[in-house]
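Chemist: Here is my input, please return the structure:
(2 chains)
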Amino acid sequence: MTTRRGDALAAIRYLAPAALVLAGLLGYPIYQLVLISFYDYGQEQASGGAPLTFIGTENYRRLFSDGQFWAVLGQTTAFAAVCVVGTLLVGGALAVLATRVRAVPRSLLFLAALGAWATPAVAGSTIWLFLFDADLGLVNEVLSGLGIHGMSGYSWTYDRYMAFALVAAEVIWCSFPFVMVTLYAGIRAIPAEVLEAARLDGASTWRTVRSVILPLLRPLLAVATIQSIIWDFKLFTQIYVMTGGGGVAGQNLVLNVYAYQQAFAASDYGLGSAIGVVMTVLLLVVTLFYLRALRRGGEELA
Amino acid sequence: MRIGRGLAAATAAVIGAVVAVGCAPVQARPDADAGDSTTGTLRVWLFDEATRAPKEAVVREAAAEFEAAHSGVRVEVQYVQVDSRAERFKAAFNDPKSAPDVAEFGNTDLAGYVAAGGFADLGADLRSWADARDITPSVLDTAKVDGRTYGVPWFVGIRALYYRTDLFEELGLRPPRTTAELVTTARRIRELRPELYGISVGGKYTYAMLPFLWAAGGDLARRDGAAWVSTVDDERARAGMSRYAELLRDDVCPPAQCAQMTGSSSVQAFAAGKSAMTIGGDFNRRAVDAGVAAGRYAVVPLPGEQEGSIAPAFAGGNLLGVLRSTQHRTLAVRFTELLAGKKYQRKMFDAMGNLPTFTDLQRAVAEGQEFQRPFVTTLTAGTRFVPATPTWAKIDAQNVLPTAVQEIATGAKPAPEATRAAAERMNAAFRS
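Modeler: Numbers count the residues shown, from 1 in each chain, chains lettered A, B, ... in the order given. Reported below is the predicted structural model:
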C-alpha cells in the first residue's frame, strides 16, 4: 500500500513540470477562450473603452441560428474528409512504393516529399496560385499548348467545386509527406520473419497486406488519420490565400476562415471564441470516437 | 488507477487556481489621468508608403521646425505598415505605454478607434485654430463621430474615371457622360477589342461601387434615433448596385476574372493595358504611370445618372489624431496642427501628390495641375462617406457588400434577394 502510494507521488512529481507547462500553455488559453465566449467581447471591451457584459450563451445562440454557419460547417466537413482520404491514399501508396524501389529513386522520392513538406503554407499556396493563374499560369499555358484551347484564360478559382478541388490538391501535396514517412517507417519496422511466415503459409500479397501488414500498421495509421483530421478541419492558410479569403461571394469558406472573417477581423472576439469552442469540441468528439472504434477493433494506441 | 486519480486531483487544483485568479476575460485599464508634459519625446506614427522617401523628407522638415520652436522636445517618427495597422493600433490601445502621441489613420477606421477609446476629442482645439475654418466641410465630417471631432483630415483620396485616350480615339468613342452610357461604352469596347476589359472594376472594389449606389439616389444606411438602419435593400440603392454589377459581366469584365478583383488589382489591370477604363484615385497615378498605359490616358469625373452630373465619390483619406493616452497633449495637438496645416499639406502635395483638405488649397493646386482637376471637381461636387459607426469596420471585414455584388454579378442570387441578405447582415452588425 505504502509503495503504491509512493509510486503515485513519484509519478505526480515527475509529471508535474509537464502538467504545469500544459496548464499554462494550453489550459489557460482554453479557459480564456471558453470564458470570452460567454461575454460580449469586442475591441472596445478588450482595450477597456466599454464595460464587460456577461451574455451567457447568446454568442452560441447567434452562431447556431446563422444559416451560413451550418452551411460552412457542412462544407468544411466534406472538404476535410476529401483532404484526409486523399492524403492517406497518396501517402500510403507512396510509402509502399518507397519500400519497393531502389535507394536512388527512393532518395529522390523522399527529397521531393520533404521539399513539399518543408514549404511554408503561404508560400506553397502562392506558388500553386501562380501555376494555376488564369492568364499567366504554367498549367493553362501547357494545356492550351496541348491543343485544349478552352483552357487559355480559364479561371481555376471561379467555380466553387473547381476551387475546392484545387485547394484540396494543394493540401494533399503539402500534407502527404507526413503520412508517407510515418507509414514507410512502420512498414520497415515489420519483422521480416512475420512476412516470411505468411509467405510460407501460402498467403497471397493481398492477404498479407490485409491480415498482417495493415493490423501491424494500425496504431501508426490511427496517428496519421487523427493528425490529418485535425489539420484539415482547421485549415486556414490555403483557403484564405488561394480563394482570396473564401471565394466569390464566400462560396469557398471553411470554418476557420469564416471565424476569422466574421469574428476576429470584425473584432467580435466573443463570437469568434464561441466558434473556437465549437470546433474544439467537435474535434475532441471525432477523435474520441475514432479511438473507441480502434479499441473495439482490439488495438490500443501504442 | 491511483496515479490517474492523483493526476486528476493535481489538474483540478491547477484549474481551480486559474479560475480563482480571474473570473472575467482580461481587459486593459487605461490611465484616466494622463499628464500634459511640455518636454520629452513626442512619438508619432505615420503610415509607410511604397516610396517613402518624399514623405519622410517633408515629415523630417516639419519635425525639425517643431523641435526648433519647442526646446527640450524630440519628435520620434515611426512608420507603420498599412496592412498590419489593425494589430498595431489594437496593441497601442490595449497598452498605452507602447502607444504613440500622434498617429495617422484611415478615416474609415475612425469610428472603431473612437469606440475603443483610442483618440482624444479635438473639437475645442480646432475651434481655436485659424486654419480649421478652411477645411472642406464634407471632408471634416469624415473626422467626426456623433458630432465630436477626433482628428484633422491630412489628405483626401478621391476616385474618378481613368480612360485610355488612344483607344477611345481609335474606336471613335467619347468619355461616358452618364452611368448608363458608361456601361454601353464599356460593352462596345469589349465587342470591338475582345482581348480587353471594357472597364476593369472588381467585386471587392467597394469604393468603386459606392458612387453608383449614391448616384442612383440610394445610401448605405440611415440614422434612426441612436441606431443605424441599413438601406441597401431600398429600391434606389439596389438599382445602383445592379448597375455596377452590369460591369461584372462577360461582355464587359468577366466575373471569372473580375468578381474577386480589388481596387489595386483593377488599377493594375488598367496600368498593364488590359482594360480601356478603370476607376482609380488620385493616389493611383504613380501605379498607372509605371505601366504601359503611361502617357496614353486621361481622367474625368465619374458621371452620374443625368448628363452633366457627377457621381458622388467616396471621401477616402487619412486623418492625424492625438491618442487619448498621451502624456503630452498640448504638444501633440500643436504638432498635429503643424503637420496637417496648410504649409505642410502643400508640401505633401508637392512631394506625394496627396490632395489637400483645405478648400482654398485644393483650388490652388488644381490650377497648376491638369491631372488633379477632375479629382478636385469631383471633390467640390460633393462627396459621401460610410456610416460613422464602429460597426462599419465589422461590416467591411465581413465582406457584406462585396458578397452582395458578387452574388448579383454571378447570378447566384437575384438583386432583391442579395441586397436583402446584405441589409440583414448590416442590421445585425449595427445592433451588436
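Chemist: So B:D251: helix, strand or coil?
Modeler: Of the three states, B:D251 takes coil under DSSP: H, G, I helix; E, B strand; the rest coil.
Chemist: wait, isn't it in contact with B:E191?
Modeler: Yes: B:D251 lies in contact with B:E191 (Cβ atoms under 8 Å); the separation is 7.3 Å. (Each C-beta comes from the backbone N, C-alpha and C, glycine too.)
Chemist: Please say which of those two ends up with more neighbours.
Modeler: Between B:D251 and B:E191, counted using other Cβ atoms under 10 Å in any protein chain shown, B:D251 has the larger neighbour count: 15 against 12.
Chemist: Which pLDDT value belongs to the more buried one?
Modeler: On the pLDDT scale, B:D251 is placed at 94.
Chemist: mind checking how far the closest residue to B:R420 other than its chain neighbours is from chain A?
Modeler: Nearest non-adjacent residue to B:R420, counting by Cβ to Cβ, 6 or more residues apart in numbering or on different chains: B:D233, 4.7 Å away. Counting by Cβ to the nearest Cβ, to the nearest Å, the gap from B:D233 to chain A is 17 Å.
Chemist: can you confirm B:D233 is in a helix?
Modeler: No: secondary structure of B:D233 (three-state DSSP): coil, not part of a helix.
Chemist: Now do the contacts for it.
Modeler: B:D233 makes contact with B:P416, B:T419, B:R420, B:A422, B:A423 under the criterion Cβ atoms under 8 Å, 6 or more residues apart in numbering or on different chains.
Chemist: now swap in B:P416 and tell me
Modeler: Taking Cβ under 8 Å, 6+ apart, one finds B:D233, B:R238 in contact with B:P416.
Chemist: repeat that with 10 Å
Modeler: Contacts for B:P416 (Cβ atoms under 10 Å, 6 or more residues apart in numbering or on different chains) come out as B:D233, B:E235, B:R238, B:S242, B:I408.
Chemist: contacts for the host helix or strand of B:W228?
Modeler: Following DSSP states H and E, one finds B:W228 within strand B:227-230. The contact list for strand B:227-230 (Cβ under 10 Å, 6+ apart) reads B:219-223, B:237, B:387-389, B:391-392, B:395, B:400, B:419-420, B:422-431.
Chemist: so how far is the top helix by length along chain A from its chain's centroid?
Modeler: Longest helix of chain A, by residue count under DSSP state H: helix A:67-100. Remark: helix A:67-100 is offset 8 Å from the chain centroid, using Cα atoms, centre = their mean, to the nearest Å.
Chemist: now do stretch B:64-83
Modeler: Using Cα atoms, centre = their mean, the offset of stretch B:64-83 from its chain centre is 25 Å.
Chemist: so who does the spatially closest residue to A:W156 that is not a sequence neighbour touch?
Modeler: For A:W156, ignoring the flanking residues on the chain, the nearest one in space by Cβ to Cβ, 6+ apart is A:F132 at 4.4 Å. Taking Cβ under 10 Å, 6+ apart, we find A:F132 in contact with A:138-140, A:154-157, A:162-163, A:166, A:169-170, A:242.
Chemist: Over to A:A203?
Modeler: Contacts of A:A203 by Cβ under 10 Å, 6+ apart are A:L195, A:A197, A:V209, A:R210, A:S211, A:V212.
Chemist: Kindly report the residues of the stretch 201-302 of chain A close to chain B.
Modeler: Contacts of the stretch 201-302 of chain A with chain B, taken as Cβ under 10 Å from any Cβ of the partner chain, map to A:243-251, A:253, A:258, A:260-271, A:273.
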